[in-house]
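Trainee: okay, sequence plus prediction incoming.
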Amino acid sequence: MLYNHFVYIMTNEYRTTLYIGMTSNIQRRIAQHYSDSQNAKKSFAGKYNCIYLVYYEGFESAKGAIAREKELKKWRREKKKKLISEFNPKWESLNNQIV
């Protein structure tokens, strides 16, 4: 199945900050997170160096991805951590799998 939209979670080096986002081009978006953390530091992800992809889900429609993003953002941190751990038990950076 070909996915056109993604919900993703980025984190920092120490896995202490989580950033949830939605995109139609996950490769480009990961590169933007890295660029933001190196340069501007004006965005949330840039300020907290959230450059490591630890979770993602694919969706056929933007509507589905947006709904899931909103759902995840409402979750408590523990529930988000459980979701990530089930998908990526070691919380390894998945950047190279996507880019």
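Mentor: Thanks, I have the structure now. Residues are numbered from 1 along each chain as shown.

Trainee: and the closest residue in space to residue 52 that isn't next to it in sequence, its phi and psi?
Mentor: Among residues not flanking residue 52 along the chain, residue 93 sits closest, at 4.2 Å (Cβ to Cβ, 6 or more residues apart in numbering). Where you see a C-beta, it was placed from the backbone N, CA and C, and this is true even at glycine. Here is the backbone geometry of residue 93 (degrees, to the nearest 10): phi -70, psi 130.

Trainee: tell me the pLDDT of residue 93.
Mentor: Residue 93 is assigned a pLDDT of 97 by the prediction.

Trainee: what does residue 39 give?
Mentor: 61.

Trainee: next one: the spatially closest residue to residue 94 that is not a sequence neighbour from residue 63, what distance?
Mentor: Distances taken as Cβ to Cβ, 6+ apart place residue 53 nearest to residue 94, at 4.5 Å, with adjacent residues excluded. Distance from residue 53 to residue 63, counting by Cβ to Cβ, to the nearest Å: 23 Å.

Trainee: tell me which of those two has more neighbours.
Mentor: With neighbours defined as other Cβ atoms under 10 Å, residue 53 and residue 63 compare such that residue 53 has more, 24 against 10.
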